[in-house]
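> A structural model of the following input is requested.
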Amino acid sequence: MLTPSEQWTWHYCPNKDRLLLNIDDTVQFTSELTSTMLNQKVVHQPFAIAEAEAFWRIQDVLQTVVSDEAERLECTLHALANRFRQLSAHKSWYFATQRQQDIGAYQLVHLQGKDQITALVIASDLECIECLLLATGESLAGKVLARCSVIRVLRNRAQLLEVDVDLARSA
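Numbers count the residues shown, from 1 in each chain. As a prediction, the model looks like this:
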């Protein structure tokens, strides 16, 4: 398992047209964010303490639904890269309306399209939440939404996921 470090650095690579996270001299994470999706062209920005805290919070939440460690790490790094993403319009019409709930960051939700898609809330404001999709699924409009993509929806499109945690095993 990787441990966050101040040695990790974010930067935009024009050759790959992607936001990258340099983990060490041989390991690099390539995000899905291209130059048109970025709110800034990042140049060797060190991994912050707040990002390290978010890293562990996301890992803890995902552990309940993503058993594979490598997949959990990938989802976590995609979620952390989202802070460099430009704010986008919501795509609420992709999903059925749900009962309004108080939903905040680092909570698991279901989005109901043609498929029920489990997602992690990675950001929220008064009207919308941004969700990292934990599985590929199809929206009500028939659009296939890829795993690890981020989508912004109105709060009334998400249903909190009830996770049955086995406390005896986690103690």
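> and Asp166, what pLDDT?
The per-residue pLDDT reported for Asp166 equals 54.
> Also Asp17?
pLDDT, the model's per-residue confidence, is 97 for Asp17.
> Backbone dihedrals for the nearest residue to it once chain neighbours are set aside, please?
Among residues not flanking Asp17 along the chain, Thr34 sits closest, at 5.0 Å (C-beta to C-beta, 6 or more residues apart in numbering). (Glycine included, C-beta is placed from N, CA and C.) Note on Thr34: backbone dihedrals following degrees, to the nearest 10 are phi -90, psi 170.
> Offset the numbering so it begins at 601, please.
Okay, using 601 as the starting number, the last item reads as Thr634.
> What is the burial count for Thr634?
The local packing of Thr634 (other C-beta atoms under 10 Å) involves 12 other residues.
> again with Leu740
Using other C-beta under 10 Å, Leu740 is surrounded by 14 other residues.
> avg pLDDT for the lengthiest strand in the chain?
Ordering each strand of the chain by length in residues (DSSP state E) puts strand 716-724 first. Regarding strand 716-724, the rounded mean pLDDT is 96.
> mind listing the strands in this structure by residue range?
Using DSSP E, strands in the chain cover 609-613, 618-622, 628-630, 645-646, 708-712, 716-724, 728-733, 737-738, 744-745, 750-754, 758-760.
> List the neighbouring strands of the third one plus their orientation.
Paired neighbours of strand 628-630 in the sheet (DSSP bridges): strand 618-622 (antiparallel).
> Identify the residues contacting the partner strand?
Among residues not part of strand 618-622, those counted as contacts by C-beta atoms under 8 Å, 6 or more residues apart in numbering are 608-613, 628-634, 638, 642, 647, 677, 680-681, 684.
> Mind giving me the PyMOL command for buried ones among those?
For selection in PyMOL, the members of those meeting the burial criterion (16 or more other C-beta atoms under 10 Å) are listed in this command:
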select buried, resi 608+609+610+612+629+631+633+638+642+647+677+680+681+684
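> The longest strand of the chain: how far from the chain's middle?
Taking C-alpha atoms, centre = their mean, to the nearest Å, the mean C-alpha location of strand 716-724 is offset from the chain mean by 7 Å.
> cool, and stretch 624-639?
Stretch 624-639 has its average C-alpha position 14 Å from the chain's average C-alpha position, going by C-alpha atoms, centre = their mean.
> Rounded mean pLDDT for it, please.
Mean predicted lDDT for stretch 624-639 stands at 94.
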